[in-house]
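> I would like to see how this sequence folds:
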Amino acid sequence: MIRSCLTALAALLALPAAAQDRRPSHCIAIAEADPALEYVQLAGFGMPLPDPHSVRISFVDHATFVIETAGGLRVATDFTGFLGSTRLIPDVVTMNNAHQTHFTAFPDPAIPHVLEGWARDGVAADHHLDLGEMLVRNVPTDVRGFDRSVVRENGNSIFVFEVAGLCIGHLGHLHHEPDEMQYASLGRLDVVMAPVDGGLTLDLPTMIRVLERLRSSVVIPMHWFGAQSLERFLAGMSGEFVIRREGAGHLEISLRTLPDRPTVIVLDPQPLRDPE
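Residues are numbered from 1 along each chain as shown. This next block holds a predicted model:
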C-alpha cells in the first residue's frame, strides 16, 4: 500500500504544473468516497460558480451539453455549430459521431480545441487533452451502418471529462454495449449523459443494462424524441434509480452534492442565452 501511494505521488509530481491544478478525479481510482446526502443544486448558464469544486451542466438540445467550470472553461459536446443566442466561443468542442446532428464540418476557427470522435483513415480517435483544470479523453466504440449489416469500426467516441474531482461521461451515439476493455477504460463515471431513443442508438433493455453496470450517481437522459420515448426509458429505470424531474435545463454538481442513491435527472433542453 505504501509503495502504491509513493508511486502515485511520483506520477503526480511528474505532471506539468498545469495538470496539477486539476482536482484529481477517481475515474480509475481504487476506492470511492462515500457520497454526501446533499442534493444537486440548480443554477443558470454564465453565472459564476460559487463552489470552486463544482461544475455546471446545461442541456442545449438533442445530445449537446455545455459544461462550465469554476475556472471559466466551457466545453460543448456533440457540437453542431449552434448553442443558442449566445456569443459563447467554447474552449473545447467534442463531436462524437460524423452525423449531421452530432457534428459540424465548419466549426468556428476561433474554437481552440475541436475533438472529432470518429476514426480517420482507419485510425481510431485518440484524445488526451489536459487543460489543467480539466482532462478530456475518449473511448472509441463502433457504429452501425444504415442497413445495420455494416459496422464502422471506431465510428463513435465516449468522451470523458475529468474535472473538479468528478468523472463526467457522454456516451455519444452508442450502438453496442461496451466490452470489458472499454468498461475498464471508462472507469467510474459519476455523471453520464445517455442516449435513450431506444432505436437509433442502443435498444432500451441494453442501454438500461449498461447504465445499471456503470452505476453512476447521476444519469442525464438525452437523444430522446418526444415524451413517449423518454417516459419508456424512465419506466425502465425506475426500479433501480431515483427519478427526478428538475423542470430546468441546467444543474450544478460537485462531489459533495452527488445524490446518495443512483438518480436519473431529467433536464429540459434549452438553447443558451447570455446573462443580461
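> low-scoring pLDDT stretches of the stretch 101-250 of the chain, where are they?
102-103, 145-148 (pLDDT under 70).
> Please enumerate the strands of it.
Along the stretch 101-250 of the chain, the segments classed as strands by DSSP state E, counting those that start in this stretch run 113-116, 128-130, 134-144, 151-163, 166-170, 191-195, 218-222, 242-245, 250-254.
> Any chance of the ones you listed in a markdown table with mean neighbour count and distance to Glu276 as columns?
C-beta here means a position set from N, CA and C on the backbone, and glycine is covered the same way. As requested, the strands of the stretch 101-250 of the chain are exported to a markdown table (neighbours: other CB atoms under 10 Å; distance: least, CB to CB, whole Å):
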| stretch | mean neighbour count | distance to Glu276 |
| --- | --- | --- |
| strand 113-116 | 17 | 29 |
| strand 128-130 | 14 | 32 |
| strand 134-144 | 21 | 28 |
| strand 151-163 | 23 | 27 |
| strand 166-170 | 26 | 28 |
| strand 191-195 | 25 | 28 |
| strand 218-222 | 24 | 26 |
| strand 242-245 | 14 | 27 |
| strand 250-254 | 23 | 16 |
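> got the ones you listed as CSV, with distance to Phe65 columns?
Putting the strands of the stretch 101-250 of the chain into CSV (distance: least, CB to CB, whole Å) gives the following:
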stretch, distance to Phe65
strand 113-116, 14
strand 128-130, 17
strand 134-144, 13
strand 151-163, 10
strand 166-170, 7
strand 191-195, 6
strand 218-222, 7
strand 242-245, 17
strand 250-254, 9
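> looking at the ones you listed, which is closest to Thr64?
Ranking the strands of the stretch 101-250 of the chain by distance to Thr64, with CB to CB as the measure, places strand 218-222 first at 8.4 Å.
> Just give me the neighbour total for the closest residue in space to Gly81 that isn't next to it in sequence.
Closest residue in space to Gly81, ignoring its immediate chain neighbours: Thr104 at 3.9 Å, by CB to CB, 6 or more residues apart in numbering. Counted with other CB atoms under 10 Å, the burial measure for Thr104 works out to 15 neighbours.
> No further queries at this time; thank you.
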